[in-house]
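1. 3D model of this:
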Amino acid sequence: MKRNLSELEQRLVTILRENSRKSISEIAEELDVSRSTARKALDSLLESGRIKSFTVNLNDDEEDIAVIQVEDITPIQKRFILEDFELIDGSHLLVVHYENLLKLDDAIIKDVKIAKRRTIGENPGRMAHLHCDLCGNDIPRDPIVVKSRGKAYFACCPGCESTLKKRIAVAELRD
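-> The predicted structure follows:
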């Protein structure tokens with residue numbers, strides 16, 4: 001059974017989803033914790049297998065793709081597959097570059113859809129038990145992220161977001 005991520009770990013994952021190349025110092029500063037605390041949280045996520053990989057997305061990988069449905073994935077070389085979604089019925093939806101469709105001649109393709117572009121959403125992922133940095137209440141849905149001077153703050157609603165932005169602006173004027 002998977003353990004729930006701590007709030008610190010959830011915030012760390014949000015930062016890494018935005019830019020997985022940030023240094024531990026940058027992450028610690030954004031989380032407003034020490035480097036060793038940030039390192040321990042990252043190590044915990046890596047050792048538990050919760051972080052599967054760090055990725056680089058090229059513009060070329062987002063354009064001119066096809067989504068295909070196949071019953072059997074075994075005849076398809078892994079190097080042609082950008083993404084694989086195994087469906088409940090056992091078939092697979094695969095994302096491939098459309099120029100590779102002809103190279104999948106051994107695969108029995110049930111359906112093909114050609115896409116001009118793929119866009120990765122900015123969803124922070126599955127989060128639970130995050131707290132608003134202004135009022136301290138649980139954030140029941142996706143958090144509203146407010147960024148300022150290399151730090152990320154979480155708000156639970158537009159009202160808290162507005163007040164948080166004002167407080168940050170005032171604090172920045174004092175500095």
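
2. for the rest of this, base every contact and every neighbour count on C-alpha atoms.
-> Fine.

3. what bridges to Val96?
-> Applying DSSP bridges to Val96 yields these beta-bridge partners: Ala66.

4. show me the contacts for it.
-> When contacts are counted by Cα atoms under 8 Å, 6 or more residues apart in numbering, Val96 is found next to 65-68, 80-83.

5. which of those residues count as buried?
-> Among the contacts of Val96, those buried by neighbour count (16 or more other Cα atoms under 10 Å) are 65-68, 80.

6. tell me the one among these nearest to Leu101.
-> Nearest to Leu101, judged by Cα to Cα, of these is Ala66 at 8.0 Å.

7. just to revisit the earlier point, any chance of the buried ones among the contacts of Val96 in CSV, plus pLDDT and distance to Ala152?
-> Listed next are these as CSV, based on pLDDT from 0 to 100; distance: Cα to Cα, whole Å:
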residue, pLDDT, distance to Ala152
Ile65, 88, 34
Ala66, 90, 36
Val67, 93, 35
Ile68, 94, 38
Phe80, 90, 37
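
8. got TSV for those, with distance to Leu87 too?
-> Listed next are the buried ones among the contacts of Val96 as TSV, based on distance: Cα to Cα, whole Å:
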residue	distance to Leu87
Ile65	20
Ala66	17
Val67	14
Ile68	12
Phe80	19
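
9. shouldn't Phe54 be within a strand?
-> No. Secondary structure of Phe54 (DSSP: H, G, I helix; E, B strand; the rest coil): coil, not part of a strand.

10. that one and Lys113, how far apart?
-> 28 Å (Cα to Cα, to the nearest Å).

11. same question, Glu83
-> Glu83 is 14 Å from Lys113, where distance means Cα to Cα.

12. what of Ser91?
-> Taken as Cα to Cα, the span from Ser91 to Lys113 is 16 Å.

13. who's more crowded, the two?
-> Ser91 (15 against 11; other Cα atoms under 10 Å).

14. and the residue nearest to the more buried one when sequence neighbours are not counted, what is it in contact with?
-> With Cα to Cα, 6 or more residues apart in numbering as the measure, Glu71 is the residue that lies nearest to Ser91, at 4.3 Å, once sequence neighbours are left out. Listed by Cα under 8 Å, 6+ apart, the contact set of Glu71 reads 90-92, 108-110.

15. and Glu71, how far is that from Gln77?
-> Glu71 sits 15 Å away from Gln77, going by Cα to Cα.

16. go on, Val170?
-> According to Cα to Cα, Val170 stands 56 Å off from Gln77.

17. what's the pLDDT at Asn59?
-> Here the pLDDT value assigned to Asn59 is 68.
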